[in-house]
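>>> 3D model of this:
(one chain, ligands or ions: 2)
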Amino acid sequence: MTNPTLKDLGWSPFFATQPDASGGTDGVPMRIASVQRNKATGLSEQGDQRLIYPPGLSAGDVAVGDWVMVDPDTHVIRTILDRSSKLSRRAAGIEAKSQLLAANIDTLFITTSCNEDFNPARIERYVVLALDAGVSPVLVLTKADKAEDTQSYLQQAQEISNKFEAILIINAKDPDQSDRLRHWCGPGRTVAFVGSSGVGKSTLINALTGSEQSTADIREDDAKGRHTTTARSLHFATGGGMVIDMPGMRELGLHDVAGGIDVLFDDITELATQCKFRDCAHISEPGCAVLAAIKAGTLDEARVERWRKLRAEDQLNSETMGQTRRRAREITRQHKAVQAAQGRFKGKPGGKNKSGK
Ligand SMILES: Nc1nc2c(ncn2[C@@H]2O[C@H](COP(=O)(O)OP(=O)(O)OP(=O)(O)O)[C@@H](O)[C@H]2O)c(=O)[nH]1
Ligand SMILES: [Zn+2]
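Ligands and ions are numbered 1, 2, ... in the order given. Got it, this is the predicted structure:
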């Protein structure tokens, strides 16, 4: 492939007009293709480049899909440009930390199969993630060739949400069918895949990028499948557009997605405003409009239960992560104060400040 143009890589006026990009500096814009602990890979019109994190910036601050301005001589990242969209989750593990998943995505392909993998609660999580980030969700139902009744899956999917930009039912192994995804991969567009292991994400990504990443055959008795890839990465789709692979996402802990929950469950959100008590928990309160709708048969109780759980999880995670962030800020503040004091002690007023900012 000849070198891509910035536009091929997804560069747009949204990025070009940011002060850090257009401020007359000699920084070079690059798109992050992979993030490792000690380095990142950036793509530019000159090809790919190994990038270095400056002091104060670490791998956790940079997402695959990010646009960064890079020092052309040292290849040190100068700034991360504002993101048009950002996907993050609560990092796996007990510590309440946010983990960046991907940035500057236009479409999220929520992938599941027409079999036991199809799970409304999981699909809703992904939809909330996308809607909250302002990313368009497209539901891709794979293994249609193995299902007896694909229509029932379509119907269930429609009941989950009317916010999907499209619902595709396909055999991911048939190139004519996987080609339908190209509609969202035009030049300059960026798409990402999420879904359980073994649902066909690699098969679809390989079809779009024309490359041969390894796809492991899952055993029928191994419901979780086997993970063949572990790191997130950005690839070119043949015919234009970019694809972000996000493997190994066994858990999707949500945080700070109240807006996305409100949009996905807008009917319940609207009803809840009519409850008698403002702080109604919709469990047993008198005058609860949500419970009344369930009783009248106009609202699915299981869906309300999932809505309640998602809201509770989001509130808990957002709160604990807010505390972690505040604590981290406090530690940084104290650290800076100590550095400044030491700087003064050595006769350097205010401590050292190389950037001059
Ligand atoms: N019959 C059929 N098989 C499929 C379809 N999609 C995927 N497969 C097969 O299912 C297996 C798993 O597919 P992958 O593409 O590796 O799934 P994945 O989602 O990338 O899985 P991880 O890499 O573990 O996250 C492979 O053997 C695929 O060939 C489909 O639509 N129909
Ligand atoms: Zn209520």
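>>> wait, does the worst-scoring helix or strand of the chain on mean pLDDT contact ligand 2?
Lowest by mean pLDDT, DSSP states H and E among the helices and strands of the chain is helix 301-345, with a mean of 82. No: judged by Cβ under 5 Å from the ion, helix 301-345 and ligand 2 are separated, with a smallest distance of 9.8 Å. The way it works is simple: take the backbone N, C-alpha and C, and place the C-beta from them, glycine included.
>>> list the helices and strands that helix packs on?
In terms of contacts (3 or more Cβ pairs under 8 Å, 6 or more residues apart in numbering; DSSP states H and E), helix 301-345 is packed against helix 120-133, helix 258-264, helix 266-272, helix 289-296.
>>> Now distance to D61, mean neighbour count and mean pLDDT too, for these, in a markdown table please.
Formatted as a markdown table, the helices and strands packed on helix 301-345 follow (distance: least, Cβ to Cβ, whole Å; neighbours: other Cβ atoms under 10 Å; pLDDT from 0 to 100):
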| stretch | distance to D61 | mean neighbour count | mean pLDDT |
| --- | --- | --- | --- |
| helix 120-133 | 17 | 22 | 95 |
| helix 258-264 | 23 | 20 | 95 |
| helix 266-272 | 33 | 16 | 95 |
| helix 289-296 | 40 | 17 | 97 |
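>>> Now do the helices in the stretch 51-200 of the chain.
Applying DSSP state H, counting those that start in this stretch to the stretch 51-200 of the chain gives helices spanning 120-133, 150-160, 175-178.
>>> For the last one, buried residues please.
Think helix 175-178. By neighbour count, and taking 16 or more other Cβ atoms under 10 Å as the criterion, the buried residues in helix 175-178 are 177-178.
>>> any idea how far the residue in the stretch 101-250 of the chain positioned nearest to ligand 2 is from L291?
Scanning the stretch 101-250 of the chain for the residue nearest ligand 2 gives E124, at 20.0 Å (criterion: Cβ to the ion). E124 is 21 Å from L291, where distance means Cβ to Cβ, to the nearest Å.
>>> who touches the residue lying closest to A147 once chain neighbours are set aside in this structure?
Of all residues not flanking A147 in the chain, C114 sits nearest, at 3.6 Å (Cβ to Cβ, 6 or more residues apart in numbering). Listed by Cβ atoms under 8 Å, 6 or more residues apart in numbering, the contact set of C114 reads 141-144, 146-147, 150, 153, 169.
>>> Please check these and keep the buried ones.
Listed as buried from those are 141-144, 147, 150, 153, 169; burial here means 16+ other Cβ under 10 Å.
>>> Output these as CSV; include the columns pLDDT and distance to C185.
Converted to CSV, the buried ones among the contacts of C114 look like this (pLDDT from 0 to 100; distance: Cβ to Cβ, whole Å):
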residue, pLDDT, distance to C185
L141, 98, 19
T142, 97, 17
K143, 97, 22
A144, 97, 20
A147, 94, 25
T150, 95, 24
Y153, 96, 24
I169, 97, 19
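>>> beta partners for the most centrally placed residue in the chain?
Centroid-nearest residue in the chain: L87, 2.7 Å away (criterion: Cα atoms, centre = their mean). Beta-bridge partners for L87, by DSSP bridges, are A102.
>>> What score does it have for pLDDT?
pLDDT for L87: 94.
>>> can you pull out the strands in the stretch 151-300 of the chain?
Using DSSP state E, counting those that start in this stretch, the strands found in the stretch 151-300 of the chain span residues 166-169, 190-194, 233-236, 242-245.
>>> What helices and strands are in contact with the last one?
It refers to strand 242-245. With contacts taken as 3+ Cβ pairs under 8 Å, 6+ apart, strand 242-245 sits against strand 190-194, helix 201-209, strand 233-236.
>>> What's the end-to-end length of stretch 277-288?
In stretch 277-288, first residue to last residue: 8 Å (Cα to Cα, to the nearest Å).
>>> Poorly predicted segments of the protein, please.
By pLDDT under 70, the low-scoring segments of the chain are 1, 24, 212-230, 343-357.
>>> at 90 what do you get?
For the chain, the stretches with pLDDT under 90 are 1-4, 20-26, 46, 90-99, 197, 211-232, 239, 245-255, 316-357.
>>> any idea how it splits into domains?
Following automatic domain parsing, one finds the domains of the chain at 13-80, 86-217+227-245.
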